[in-house]
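Colleague: What follows is a protein structure lacking sequence information:
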């Protein structure tokens, strides 16, 4: 579809995603809705498939139908804009928050009645709507971010769903452009680092430090702490996750180059890869080259990927894992049990270990259900030749429950928090 398509007076620009947000924000900031307005983030579910299966011309016709529906809904009293190829924003003045929900429902009904010509005849469009309320004096940046987050939740709930931000459906972090600025400032100032959280082998009588996971940390007033809530999600949202993962991989590989003896004392060291980086061909090519050039002992470097990311991109994930395992890397499937139909994917993904979702570990000492779920995960992992790791182990009761099940490794504050790399060397007596 044409990059200059105009939807109710606003261009669909070809700049980066963040710039498109700025265009919408400028339009909203010059609008005077009064005391109250409904801001709606709209996602058309079928656009990419329509372009691929029915042709770009049919996709263009659908966009024009969307434009007409938005004009019909706005009745000259709203601001509407195309934000992305299949995403739109609509804002309309309302007199009550209940009216905002009614306006969103009316817009949903209009859009879901749209149809397009498919190979099997006329087909309807699926939509997802996220609703946020603007009150006079509010920051449009925040309200737009809230509507976007609500739309993400609406997509997860199914077709033609509306979710109002703050309705309690699910709590999610807010994507904020300022988080990107802060992250880059921290990186430029040298205030980002990786700290290592030891992972204990619990297969013997006494836990033994066997591995470590390297986690991103930021420095504030001389204290290192996790990144602020929402920073990683924001980087992913703006297509910048590779910046974080590039920093992490460079830090870890450079540090290992200066401390080669550590690899003789541990089963392995791991770092996290975001789902966005996993399917970023350029980043993964660069990472592959860097790892190969590092010439690390086989089996010592492990990448942790979330179960959700792996399942969403199953073919790509399997291909990437296979390529990196060929040069001696290992893979861990993080947060296992959080996705859908988890067990069915274990044979498809050639990972070496699974990290049991912390929700099951947190109450394993008192919940028979969590114990049995953990036991099932461990059993299936063993059958498929994989080790198991339990996170969030912070007391001895949880440790004993995990040992009874036979889980291989445990990680958590019962043993150690994430520590500076030099402290890890001390723990390993290096």
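Modeller: Yes, it's here. Please read these numbers as outputs of a predicted model, since none were measured by experiment.

Colleague: Name the nearest residue to residue 124, ignoring sequence neighbours.
Modeller: residue 115 (5.4 Å; Cβ to Cβ, 6 or more residues apart in numbering). Heads up, the C-betas are built off the backbone N, CA and C, glycines and all.

Colleague: actually residue 151, not the one I wrote
Modeller: residue 130 (3.0 Å).

Colleague: Mind checking what secondary structure the one you found has?
Modeller: strand (DSSP: H, G, I helix; E, B strand; the rest coil).

Colleague: Spit out the contact partners of it.
Modeller: Contact analysis of residue 130 by Cβ atoms under 8 Å, 6 or more residues apart in numbering lists 40-41, 43, 146-154, 162-165.

Colleague: Just to check, residue 146 is in contact with residue 132?
Modeller: Yes - the pair residue 146 and residue 132 qualifies as a contact (Cβ atoms under 8 Å) at a distance of 3.8 Å.

Colleague: between those two, what contacts are shared?
Modeller: With Cβ under 8 Å, 6+ apart, residue 146 and residue 132 have common neighbours 39, 165, 166.

Colleague: Which of the residues you listed ranks first by neighbour count?
Modeller: residue 39 (28 neighbours; other Cβ atoms under 10 Å).

Colleague: Let me know the secondary structure of it.
Modeller: Three-state assignment for residue 39 (three-state DSSP): strand.

Colleague: mind checking how far it is from residue 260?
Modeller: Shown here: residue 39 relative to residue 260, a distance of 54 Å by Cβ to Cβ, to the nearest Å.

Colleague: Just give me the closest of the shared contacts of residue 146 and residue 132 to residue 190.
Modeller: Set against residue 190, the nearest of these by Cβ to Cβ is residue 165 (36.4 Å).

Colleague: element containing residue 70, please.
Modeller: helix 56-74 (DSSP states H and E).

Colleague: follow-up on the earlier one: next, count neighbours for the residue nearest to residue 124.
Modeller: Neighbours of residue 115 using other Cβ under 10 Å come to 13.

Colleague: what do you get for residue 424?
Modeller: Residue 424 has 25 nearby residues by other Cβ under 10 Å.

Colleague: Please name the residues that touch it.
Modeller: 196, 198, 212, 262.

Colleague: Which stretches in the stretch 251-400 of the chain count as strands?
Modeller: 268-272, 301-306, 330-336, 353-356, 387-390 (DSSP state E, counting those that start in this stretch).

Colleague: Of the ones you listed, give the one that comes closest to residue 379.
Modeller: Among the strands of the stretch 251-400 of the chain, strand 387-390 comes nearest to residue 379, with 9.5 Å by Cβ to Cβ.

Colleague: number of nearby residues for the residue nearest to residue 345 when sequence neighbours are not counted?
Modeller: In space, and not counting its chain neighbours, residue 345 is closest to residue 311: 5.7 Å by Cβ to Cβ, 6+ apart. Using other Cβ under 10 Å, residue 311 is surrounded by 20 other residues.

Colleague: any idea how far residue 311 lies from residue 343?
Modeller: 12 Å.
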